[in-house]
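[1] sequence first, predicted coordinates after that:
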Amino acid sequence: MSSRRSRSRQSGVSRITDDQISDLVSKLQQLIPELRGRRFDKVSASKVLQETCNYIRSLHREADDLSDRLSELLASTDADSDQAAIIRSLLM
C-alpha cells in the first residue's frame with residue numbers, strides 16, 4: 001500500500017478507489033481533443049494526464065494571445081466608443 005493511501009486512512013480522509021480514478025481518467029480523456037477519438041484504444045493514465053497538461057498550457061497561451069490582440073485592438077479604437085466598451089468588458 002502506498003504511503004499516500006495509508007496516510008489518508010490515518011487522517012480519516014475517504015479513499016478514492018482505483019475504479020473511481022479509472023472513471024475520472026476516462027472522462028478526462030474524452031475532454032482532450034488529442035485523445036477524444038481513442039475511445040477504444042488503451043491510453044495510459046500518465047498519457048492522459050500529460051496530454052491534459054499540454055492542452056491546459058495551450059489554452060493558457062491561446063487566452064493570453066487573445067487578450068493581447070484585444071488590448072491592441074482597444075489601443076487602436078476611440079476610447080469612448082461602444083466598440084471600446086465591449087473590448088474592455090472582454091478583457092475583464
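    Yep, it's here. Numbers count the residues shown, from 1 in each chain.
[2] could you use CA atoms for every contact and neighbour count after this?
    OK.
[3] need phi/psi at Arg88.
    In terms of degrees, to the nearest 10, the main-chain angles of Arg88 are phi -60, psi -40.
[4] how many neighbours does it have?
    Neighbours of Arg88 under the rule other CA atoms under 10 Å: 14.
[5] contacting residues around it?
    Leu74 (CA atoms under 8 Å, 6 or more residues apart in numbering).
[6] what about it, distance to Ser76?
    13 Å (CA to CA, to the nearest Å).
[7] repeat for Gln50
    To Ser76, Gln50 is 39 Å away according to CA to CA.
[8] report the distance from stretch 78-92 to the chain centre.
    28 Å (CA atoms, centre = their mean, to the nearest Å).
[9] buried residues in that stretch?
    84, 87 (16 or more other CA atoms under 10 Å).
[10] same deal with stretch 50-58?
    Residues of stretch 50-58 classed as buried by neighbour count (16+ other CA under 10 Å): 51-52, 55.
[11] can you add distance to Lys42 and pLDDT and give those residues back as CSV?
    Formatted as CSV, the buried residues of stretch 50-58 follow (distance: CA to CA, whole Å; pLDDT from 0 to 100):
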residue, distance to Lys42, pLDDT
Glu51, 14, 95
Thr52, 16, 96
Tyr55, 19, 97
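[12] for the protein, what spans make up the strands?
    Counting by DSSP state E, the chain forms no strands at all.
[13] do a quick rundown of the helices in it.
    3-10, 18-31, 33-36, 45-75, 82-91 (DSSP state H).
[14] find the nearest non-adjacent residue to Ala45, please.
    Spatial nearest neighbour of Ala45, chain neighbours left out: Val25 (6.3 Å); criterion: CA to CA, 6 or more residues apart in numbering.
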